[in-house]
Each structure stands twice: as C-alpha cells, then as structure tokens.
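Participant: sequence unknown, structure follows:
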C-alpha cells in the first residue's frame, strides 16, 4: 500500500551522484566549518574524493562522507534540515554505527544554547491541519507498522520492568502501569484522546472492566481498532470514534492520552485542557504520556518536514501552565521514562532494519533511509537527554479521592 | 525562652473587648457582606449582641462571633489579613471545629480566582533578609518545637505508608523515602540546603553511609544539630554549617533540600538553581521537597506577617523554569504528598493543643491563638488542595546514571 502523501519522499531534494571533480579549497573550508560546529563529536568528515580533515582525537565512532557539493554546502547553510535531507536521498553516506554517530552529534550540539523560535509553534493545529498531519504519519498503513511494532501495535514508549524484557512484555507492562496510575475500577468510564490502534482502550476494558470511548483521527488506525474490538467481543464496552479530541463530549471518571499531546501544538494546549476539564467528573483524574524536553525548543525541522508535521515536544512548564493550571488541575505524579524510550526505539529500529527490504518494496529507498534516520535519531535523542518521556498523573484540585501512596 | 522578635505578638492590633451597645443597621449590613464573600461556606456569622443573619442552609460546622465593630469592619476591608489578626487577639471567637470551619472557608474562597500580585514576590530574600525571616520562625526555641514535633524534630511533611502510622514512624519513613529517591550509596557526598535540626543529615550518614554538609541559617537549629552529631558520634561525617545556601561550595553527588525552597523567594530561584548546578558532579542528582500550589498566587498575608515572613509556595512551573531549566537539569520524578501533610499537621496540631498551656507560659495567649490558627489553617489548606506538597527528583540532563525504575 502506498499513499499519495508518501509521494513527497519520491521527489528527491538531493542527488546521490558523486561529484566528478576533486575537492577545491572552498569545499575543504566548508568541511572544516561543519566539523567545527560539532567539534567535540568523535566523528570523521570526508569529501567525495577521499579528502579528510586531520583527525587527532580519540578513535571516531563513524565517518560522514559528502558525495557532492550541494550536500556539503547545504549543511553549512542549514544542517538541522539538510542533515536528514541529504542522508535520505543518498547525497551523504554514514559509515559506522548510526546511533553512536547521532549520539556524538547530539552531545556536541547539546553544548549550544537551544534556539527559541516561538512563532513557529503558535500556529494552531486546527481540526483540518491536525487531520492532515496525522494522516501523513499514522496512515502509512497498518501493514507497514506491523512489520516492526510489537504484537499489540503500540507506537509509544514501553516500560521495561527489567532492561532485558522483550518489547511485547514491556508494552503490556506499560499499559498495566498506566491503568494502575489511573487507579481504574470496574464499571468506570474512561475517555481516551488519541488511541492509536486501540490496544490500551481494549486492555483497559478487558483487564480493568471499564468502559472506554477512544478518539482518533487516523482512519486506518480506527478501522483496525474497531475490527479488533469486534473480534475480541469488546465492542459493547469500547467505542472507537473517528473524530478530533476537540469534539469529545460526556463525563468520565478518567482521561487518558498516550502519545497525542506532542501533536496538539502549544497554541491549542488551553483548548486541550478545556476538553479535559469538561470531561472529568468531580473526582476525575487523568494521565498524559508524552515526549517532552528539559527546555522549550523547536523540534528538528527535518523531523517536522518528513516525519511528524505539526509536532512539538513540550517542556513540563508549558504543559502545566497551559493545560492544567487554568483549570486548577493538580499534578499528582510525574515519571520520566526517557531511557525506556531509548530501549523501545532500539527494539523498533532493529525490527525495522530486519524488514527494510519489505519497506523498500512498500515505499522506496529514500523512505527506508528517512525512517532509519528518524528511528536512530530518536534513540540517540533519548539516550542523550535531548528528549524526555513524561507520564503525568493529575486530578481535579478539589478532589481528595486521590491515591494515598503510589502503591495504593 | 522568649525572643525579642516575638514581641510583635504582644502588641495587639485588636482589642478583645465586647462592644457595649447593640448592633446597628450598618453593622448588620457589614456582617451580610462578609457572609456573602464566602456564601457557600456552612458557617454561621454572629455579632456581639447575638444578632445573626438568617441561616437556612445545611447545619453549620461552626459559628464566627465578632466581638466589636473594629473586628467586623476590618474583615470587610481586608479579610485575608484581618481574619488572623482579629482571631489571635480575641476580637473574634470561633465556635465549633476550627479545621472544619477553615475547610469551609477555603472551599468557598477556592471559587474566587486567585489574585496575582507579582510585585510582592519579586523582592529578593537576600542573605540579611533571609536570616531575619528564618530567625523569626525557626529560632522560637528548641524547647517550644520539641513540645509538639516528633522525637526526631522534623518540621516538614511526613510520609505515612499507612494512614494510621504514628508521626514518629511517618517521619522516619519520609527520610527513608528521600534517601531512596536519591539512590544514596555509601561513601557519596551529600549537600543539604536548609537542614532544620539536622535529623535528615544524621539519618543519611547513619543509615546510608554518606558524608553530609548541611547548611542552615537558624542559629538555634544548628546548635542543636551539632550537639546531636557529637552525641551520636557522627560529627566526623556530618558537618553542620551555619551559613546561607548561597555560600555552598564544593562538589557533591547529591543535593537535597527539604522545606527550604518556600523561603527562597521567586526572585532568587535562578541563584538557587546556580548553587545546585555548581554543586553537582557530572552524574549528580537532587531532591527538592517543598510546599507548592496548583496556580501561582500570593501566600496569605496574615501567615506572611505573623508566621512565615518572606515565604512563597511556588507552582511547579515556577520551580522548573527558574531553578532547573536554565541549567538543563532534568525532572525525573514528582510526587504530590498533600494529604500526608494534612495528616502531619493534624498530629502537630493535636500535640500543640495538648501543650497549649506550656506554650502560653513560654509566650502569651495571642501566640497560642496565632499558632493554633496557623496549624489548623495549614491543615485545611492541604485538605482542600489550596496547598500542595511536592517532592521533585532531578538529575543533570546529560547523565544516564539515573534510576531505571522507581524500584531500582
């Protein structure tokens, strides 16, 4: 299956041709500038003709080879965008361990101050834009995702009680953990905003005896989830709604959203908080699970262009001030699972590589390279603390029906 | 023992005399205005001559009696300040359960939007002011505090693994919990900012084999803590320093501060964060335990005047943005223990009431009434969600030596 939207991948912005002539002084100078921008990274830089800068530090973890002039100068101009662009179309080759290479680069960049381009994030992901954004990522096809996700098709950070647990175990453990943090009791009503392929909604109904309304604007995912609910005989207790979170109606004992807040966008946080507010009973509580950051900053522009249009991973204060505070919702518990996301991504990436030929047949080689870079880059981001994974439990500020301890 | 500073208590701002003449129309109108401001509270209001407003709602939990005109009009003018002032000098009598009464009032006020008087909080608690503020509360005398605190003299929220645990058990459990969250290992170096009477510092050294430098600007507390360290043979591993947190020097594996951030004041948060930053090793981590709020707002002015000069309980974003974010410190874990603080305060208040005669002999009756109101009011604040108690665990953003799970 190949969607129209994926055509963007097949319009190359870079050529993979190797430059015909030896490198010039200016090109070598450009290489030096690039190396300087990540000077603490143990990475070797090379041009198409084999020219490389003197490298005297420790053994490099990898080598970056520019195949042509355009790739080289595009990195001087806008490395954040063109690292990915040049790599995905083969204008740059990366030799060595990709994750290790990206970790080196993230660490080196980490010493720069994060730029704040607020204007970028204040545009609203309204219902139309949100649908487009979600369509471009989550509607790539259930066949594609089933090649490398776990059996339950969970496309969010897993929780590994022990580091050596399998991905399937860890995704079950994550769902169990979410339910326990919410303190779900049989007969309660749960609203889920952004339900993916429906695994958590079905798990909550099956294991905790609650009824669930689960919203999602990905047509492919909703179709899959509905079929599963039918198949498991849970259609009476789990309703999958193909609609925007803004259209949630009704009152619920618990609100849960796993991996959707990243797609809401800052400009709509207060609206999102308002949906939570009006959905919760007097003793309602909720859980938000999302990719975040230590400091506000823009998402990498290449990831935004090719992988997650409209996405923004927030810093905790952005969530607390805009989503929870206006409604006097009270933060009860926060857990940072960043290293668990690094592990999750490691599993996904290895499975993805194992299925790379199938993926190339489904899409094309540029798609495979783009997703390889995205998965490896995300793993490196969580390994280096460039990204965080937060689970936030909250309740109405006036409610004393909150857990006495974490064990209760 | 009676300090000079406590003289403020013996200069009454209100008289406890009962007005000689019957109430007038204007006075009855004032009473109606006061009742209206907390109209949803199940509280009866009465004047000195027995006049009361028609009360048709549910059974009231308590009755407030104004003894004279000044008390009455001062409440119309500035209830936040004069509730406490009039009560402590006996110009108002409260009949019924004090905590229940205050819970009613907090709930009724909770429906008002919290005012934001930012200018109030931007004044710096510099070293001199901080010393004055601390002196006025924490130097009231170890004899006084030992009348109603637990055996270990911990004057911060306890942790009750089961609600029926004793205060002594709960304070030990709290220290144990702090150490476990910090993941202390024998031989590590810990810096503590604001160490009270030294219990946690001694506990960490004794139970976890770490060495501790503990800062405090309360002369009374430091003297007590040093004597304890000598007596327990821990003086070699726990150094109590009578100095301001701003003067912390050296590198440590862990930074801990329990119940001090409330006294730092917003204007000095970034300085406080800078102290954390320069104190931590590359893999350092820390814990902040503090009274906070769901939304920024000023502390009750009476509490600030009589109980905690210079104090400010922050909302989480204020702490994250000003203390942690500038230094790329990463939030690992947040726990809200508000109901545990309500229980802690219940224990303290009952012990305090049991020792009220001794306290009156040490100070005077106005002091007893002021502290009764402070303890009951704090309990009500934590019961109603007006105040929160946060424990925040953090680490350097670049460190992967963080706990894999909460159990590890």
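Facilitator: Looks like it arrived, so ask away. Bear in mind the structure is a predicted one, so any value in this text is a computation, not a measurement.
Participant: can you pull the buried residues of stretch A:323-337?
Facilitator: Residues of stretch A:323-337 classed as buried: A:323-325, A:327-337 (neighbour count, 16 or more other C-beta atoms under 10 Å in any protein chain shown). No exception for glycine: its C-beta is placed from N, CA and C like everyone else's.
Participant: Count the residues that sit near residue A:269.
Facilitator: By other C-beta atoms under 10 Å in any protein chain shown, 21 other residues sit near residue A:269.
Participant: which residues touch it?
Facilitator: A:314, A:318, A:319, A:322, A:323 (C-beta atoms under 8 Å, 6 or more residues apart in numbering or on different chains).
Participant: so it sits in a helix?
Facilitator: Yes - counting by DSSP: H, G, I helix; E, B strand; the rest coil, residue A:269 is found in a helix.
Participant: follow-up on the earlier one: may I see the contacts of residue A:269 organised as TSV, with secondary structure, distance to chain B and pLDDT added?
Facilitator: Shown next, in TSV, are the contacts of residue A:269 (DSSP: H, G, I helix; E, B strand; the rest coil; distance: C-beta to the nearest C-beta, whole Å; pLDDT from 0 to 100):
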residue	secondary structure	distance to chain B	pLDDT
A:314	coil	11	97
A:318	helix	8	97
A:319	helix	9	98
A:322	helix	10	97
A:323	helix	11	98
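Participant: Out of those residues, flag the one nearest to residue A:352.
Facilitator: residue A:314 (26.8 Å; C-beta to C-beta).
Participant: From residue B:357, how far out is the closest one?
Facilitator: Distance, residue A:314 to residue B:357, using C-beta to C-beta, to the nearest Å: 55 Å.
Participant: These two: which is more packed in?
Facilitator: Set side by side, residue A:314 and residue B:357 show more neighbours around residue A:314, with 26 against 10, by other C-beta under 10 Å.
Participant: what's the closest non-adjacent residue to the more buried one?
Facilitator: Leaving out its chain neighbours, the residue that sits closest to residue A:314 by C-beta to C-beta, 6 or more residues apart in numbering or on different chains is residue A:292, at 5.4 Å.
Participant: which stretch of helix or strand covers that neighbour?
Facilitator: For residue A:292, the element it lies in under DSSP states H and E is strand A:280-292.
Participant: where's that strand relative to the chain centroid, distance-wise?
Facilitator: 20 Å (C-alpha atoms, centre = their mean, to the nearest Å).
Participant: any idea of the mean pLDDT for it?
Facilitator: In this model, strand A:280-292 has a mean pLDDT of 97.
Participant: could you point out which element follows that strand?
Facilitator: Next in sequence after strand A:280-292, counting helices and strands by DSSP H and E, comes helix A:301-302.
Participant: Which elements pack onto that following helix?
Facilitator: Judged by 3 or more C-beta pairs under 8 Å, 6 or more residues apart in numbering or on different chains; DSSP states H and E, helix A:301-302 is in contact with helix A:79-88.
Participant: strands paired with the next helix or strand after the helix it packs on, and their directions?
Facilitator: Next in sequence after helix A:79-88, counting helices and strands by DSSP H and E, comes strand A:92-96. Strand pairing for strand A:92-96, using DSSP bridges, gives strand A:62-66 (antiparallel).
Participant: what is the orientation angle of the strand it pairs with with helix A:79-88?
Facilitator: Computed by axes from the mean of the first three to the mean of the last three C-alpha atoms, to 10 degrees, the angle separating strand A:62-66 from helix A:79-88 equals 80 degrees.
Participant: next SSE after strand A:62-66?
Facilitator: Downstream of strand A:62-66 (by DSSP H and E), the next one is helix A:69-77.
Participant: Report the distance from that next one to the chain centre.
Facilitator: With C-alpha atoms, centre = their mean as the basis, helix A:69-77 stands 27 Å off its chain's centre.
Participant: Closest to residue A:254 out of the contacts of residue A:269?
Facilitator: Nearest to residue A:254, judged by C-beta to C-beta, of these is residue A:323 at 15.9 Å.
Participant: If anything else comes up later, I'll come back, but that's it for now.
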